[in-house]
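> Sharing a model prediction with you, sequence too.
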Amino acid sequence: MCKIERMTNAIIIPVILISYCLIIASCAPTVKVESPKEPITINLNIKLDADIRVKLEEEAKKDIAANPDIF
């Protein structure tokens, strides 16, 4: 009887594991990628204002003050 029980356990355990894996795989969530029904519109009404400021370092100011003829 021990030999029959070992054979039965050797068959039943893999069958149970395979069926468990199939059940888990069938319950996995699915991801759907769909294109939108309406076209995508992008509003590009943008106003750009830029203030440009030139800042001179202290050494540059000193150089300009020392050599006013270079520019």
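Sure, I can see it.
> Report the mean confidence score over the longest helix seen in the chain.
Counting residues, the longest helix found in the chain (DSSP state H) is helix 2-26. Averaging pLDDT along helix 2-26 gives 79.
> One more: stretch 39-59?
68.
> and it, how far apart are its ends?
Taking Cα to Cα, to the nearest Å, stretch 39-59 runs 57 Å from one end to the other.
> ok, residues contacting the longest helix of the chain?
Around helix 2-26, nothing counts as a contact under Cβ atoms under 8 Å, 6 or more residues apart in numbering. Every C-beta, even on glycine, is put in place using the N, C-alpha and C of the backbone.
> Next, the buried residues of it.
For helix 2-26, the buried set under the neighbour-count rule, 16 or more other Cβ atoms under 10 Å, is empty.
> could we number from 100 for the rest of this?
Sure, I'll start counting at 100 from here, so that last one is helix 101-125.
> next SSE after that helix?
helix 157-165 (DSSP states H and E).
> Can you give the distance of that next one from its chain's centre?
50 Å (Cα atoms, centre = their mean, to the nearest Å).
> So which elements touch it?
Here helix 157-165 touches no other helix or strand, going by 3 or more Cβ pairs under 8 Å, 6 or more residues apart in numbering; DSSP states H and E.
> quick one: pLDDT of Lys161?
79.
> Could you measure from it over to Asp168?
Per Cβ to Cβ, to the nearest Å, Lys161 is found 15 Å from Asp168.
> Name the residue in those two with the higher neighbour count.
Higher neighbour count among Lys161 and Asp168: Lys161, with 11 against 4, using other Cβ atoms under 10 Å.
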